[in-house]
Each structure stands twice: as C-alpha cells, then as structure tokens.
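Undergrad: below are the sequence and a predicted model; questions follow.
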Amino acid sequence: MDTTNAGQVSDWLSIWKGQPRLLDKAALQLSDEVFPVMKKYLPPNGLVLEGGCGPGDWVWCLRSLGYRVVGLDFCEPVLHETHIQDPTLPFTVGDVTELPFRSACLDAVISLGVVEHFEDGPYAALLEARRVLRPGGILLVSVPHMNGLRSLPLVERLKKNPFLRRLAGKKLEFWQYKFTRKQLRGFLTATGFEIAELLPLYHEEGFIFDLPFLGSRQHQYRANPVGKALARSLRAISPWITNHMVIAVARRQCERVGVSLYTDLANQKLERASEN
C-alpha cells in the first residue's frame, strides 16, 4: 500500500502558492527557532537529507552555509518551481516511507512537520529514516505538540466539532496528528532511536492556531498585542503550554525494538493522538 497521502498534493500546492522566492526567505530561515538546533547538531561535513522538504527553503539555506544537503518531496510541481529558481539544488521526488537511498549512507535526516500526516502513524517514515542513517546518525524530527492548552478537553472538543469546522471552512477528513512528548519519545525509542533532546517550538504560533481571534490581521502566524502578552506570560510559566511544535533530536542506535513490541506500543499511543 502506498502510505503517502497523494490526495494531499493539492493541499500542499495551495499552502505553498505565492510564497516568497528563495532569496527573499533567507533571513526568515536564519531567524527560525529550528536553526539553532540545526547549527548545534547537524554534522558540518556529513551528508544530510531533508525528507519532506517542500519548496526547499532549508535545503537552499543550509547549502548556502556550506552543508551538504539533499532534498526529497513527493510534491513534484513544488520541486520543479524551486529548481527553476536555482537549478543547482539537489532534489529528488520520492516518498519518505520508501527512500531511494541505500542503507546507512546518511549522516543526518531532517523531518520537519512531516510524519504526523500519515494516518497509519509515523512508524514507516521513522524506520526508513533509521535505515538510511549511519549508526550514531542524527535525526531532527518535529511534529505538532499536544501542548497544555490543547490538552484541555474543551479546546479539542470544539476544534473537532464537525459543525464548527464547516462554519470555519476547515477540512473534515484526516490531516494530521498531534503528539504528546511521551508519545514522540515512545515512537522514536521503539523504532531504534536514542533521544538527545526535546525542545518546544513556536509559542506564539501555537497560541493563534488554537485561539485564532488572538491573531494579527496584518501578519500571518503572528498574534495581536493581547495574544503576544498572553503568550509571553504563559511561556514564562512553562514552555510547554502554548508551543505549536516539538522537535526531537535523536541518534540512530545499533539495535531496535522488535516489530511486534513497537507496533503494540505505538498503536496504543496513536489512538490517543488527536487530529487537527
């Protein structure tokens, strides 16, 4: 079975349509909260894959800084558009659950906001990342976080209400999962990774994703003054209350848990993950 949700291609094309060109986005990438994590953990001379690279923003940015990065995505039209802007960028069309690379050939794999989009769960993508990584290789994987605000029953119940979703013009079919830190740890440990660090990302964005009336009318993914003040106050209490994403830094272990054990463990956890 093809685990890539091909029906999402049109959705991604809509999301990426009209984005700034690569050169115009360089400063945005360097100011992104993910960049310090990349700078700390990516091997400067190793071979790096971004699986699910989309328009290739990080591929372009990291290569401009001297990293050896290759991008892969299943959305060929987006890769074609980026290749027109910079024909030197190394891209390949493919599926993160069936990577076109030999085993143990990569030093790092980047996966930002990708594995949550598989309705069968993230196991296939994580196992494939492990397969292509050398022992001790680095995986940077980020997913939407079931943060403190989202853990409130009323918030999730309202967001998943079919009537309210239709009213807001939201999709009713599956789009993605959100993960608790415990769930993310479980998936990574069970598929053969040792976690080095878990970090919260995008506090202001998380706040307005869940409470859109606090968003700015001028700037996408930014809060209005009231939202900014509330987000800062909540972050001072705990960085895990409003963060939109969580990123894990993990190393490939030489051995992994048996298939039946990790499947049982992950399935139990997946049932508790929430759809967006």
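TA: Right, received. Where do you want to start? Numbers count the residues shown, from 1 in each chain.
Undergrad: mind checking how far stretch 104-111 is from the chain centre?
TA: Taking Cα atoms, centre = their mean, to the nearest Å, the mean C-alpha location of stretch 104-111 is offset from the chain mean by 15 Å.
Undergrad: and for stretch 128-143?
TA: Taking Cα atoms, centre = their mean, one finds the center of stretch 128-143 at 14 Å from the center of the full chain.
Undergrad: try stretch 98-108
TA: Distance of stretch 98-108 from its chain centroid, counting by Cα atoms, centre = their mean, is 19 Å.
Undergrad: show me which residues of that stretch are buried.
TA: 99, 101, 106-108 (16 or more other Cβ atoms under 10 Å). Quick note: C-beta positions are derived from backbone N, CA and C, even for glycine.
Undergrad: output it as CSV, restricted to C-alpha atoms.
TA: This file holds the C-alpha atoms of stretch 98-108, laid out as CSV (Å, rounded to 0.1, in the frame of the first residue of the first chain):
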residue,chain,number,x,y,z
GLU,A,98,10.4,4.4,0.7
LEU,A,99,13.6,6.5,0.4
PRO,A,100,15.7,6.0,-2.7
PHE,A,101,18.9,5.7,-0.8
ARG,A,102,21.0,2.7,0.3
SER,A,103,21.1,1.7,3.9
ALA,A,104,23.5,3.5,6.3
CYS,A,105,24.6,6.2,3.8
LEU,A,106,23.5,9.4,5.5
ASP,A,107,24.8,11.3,8.5
ALA,A,108,21.6,13.2,9.3
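Undergrad: in three-state terms, label Phe101 for me.
TA: Secondary structure, DSSP: H, G, I helix; E, B strand; the rest coil: Phe101 is coil.
Undergrad: the closest residue in space to it that isn't next to it in sequence: what's it in contact with?
TA: Residue nearest to Phe101 in three dimensions, not counting chain neighbours: Val132, with 4.7 Å by Cβ to Cβ, 6 or more residues apart in numbering. Residues in contact with Val132 (Cβ atoms under 8 Å, 6 or more residues apart in numbering) are 49, 99, 101-106, 109.
Undergrad: no more questions from me, cheers.
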